[in-house]
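> fold the following.
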Amino acid sequence: MRDPRTLGFNKLAALGALGVCGGLFLILAAVFVFLHPYPRGGMDGTEYALTLMAFTGLIGAIIAVHLAFAHQLWFGPAEGRGEAGRTAR
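Numbers count the residues shown, from 1 in each chain. The predicted structure is shown next:
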């Protein structure tokens, strides 16, 4: 594994964005586990399914944006080297 001190700011920020994706996935898993319907009250199966769809859509969109940012940061131009990276001109 590479030393984090030699990666540069862009690559460390990309790793941070990937870490946020992992944390959001764990929050989504916790929502799936803790909001299950109880037989004596609370949500029924239909409300549970709709709630999971809503949370999955919102958190999934946030994860997708963070993955896009991580890709841009990882493959972006290097700092201070004058390299263009993957930019179109």
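> return the distance of the helix ranked longest in the chain from the chain's centre.
Assignment by DSSP state H gives helix 45-75 as the longest helix of the chain. How far helix 45-75 lies from its chain's middle: 7 Å, per C-alpha atoms, centre = their mean, to the nearest Å.
> same check, this time on stretch 35-54
Relative to the mean C-alpha coordinate of its chain, stretch 35-54 is positioned 25 Å out (C-alpha atoms, centre = their mean).
> give me the low-pLDDT residue ranges for this structure?
Along the chain, the model assigns pLDDT under 70 to residues 1-5, 78-89.
> can you name the farthest residue from the center of it?
In the chain, counting by C-alpha atoms, centre = their mean, R40 sits farthest out from the average C-alpha position, at 35.3 Å.
> so it versus F69, what's the distance?
The spacing between R40 and F69, counted by C-beta to C-beta, to the nearest Å, is 44 Å. From N, CA and C alone the C-beta is placed, and that goes for glycine too.
> equivalent analysis for L28, please.
Here L28 is placed at a distance of 19 Å from F69 (C-beta to C-beta).
> roughly how far does L50 sit from A70?
Here L50 is placed at a distance of 30 Å from A70 (C-beta to C-beta).
> higher neighbour count, those two?
Taking neighbours as other C-beta atoms under 10 Å, L50 and A70 compare with A70 leading, 20 against 11.
> surely the more buried one is in contact with A14?
Yes: applying C-beta atoms under 8 Å as the test, A70 and A14 come out as touching, 4.4 Å apart.
> contact partners for I62?
Remark: with contacts taken as C-beta atoms under 8 Å, 6 or more residues apart in numbering, I62 is in contact with L24.
> quick check: A54 vs L7, distance?
Distance from A54 to L7, by C-beta to C-beta: 37 Å.
> what kind of secondary structure is P77 in?
For P77, the assignment made with DSSP: H, G, I helix; E, B strand; the rest coil gives coil.
> okay, now it: neighbour count?
Around P77 there are 13 residues (other C-beta under 10 Å).
> show the contacting residues for the residue nearest the centre of the chain.
By C-alpha atoms, centre = their mean, the chain has its centre lying nearest to C21, at 2.4 Å. Residues in contact with C21 (C-beta under 8 Å, 6+ apart) are 63, 66-67, 70.
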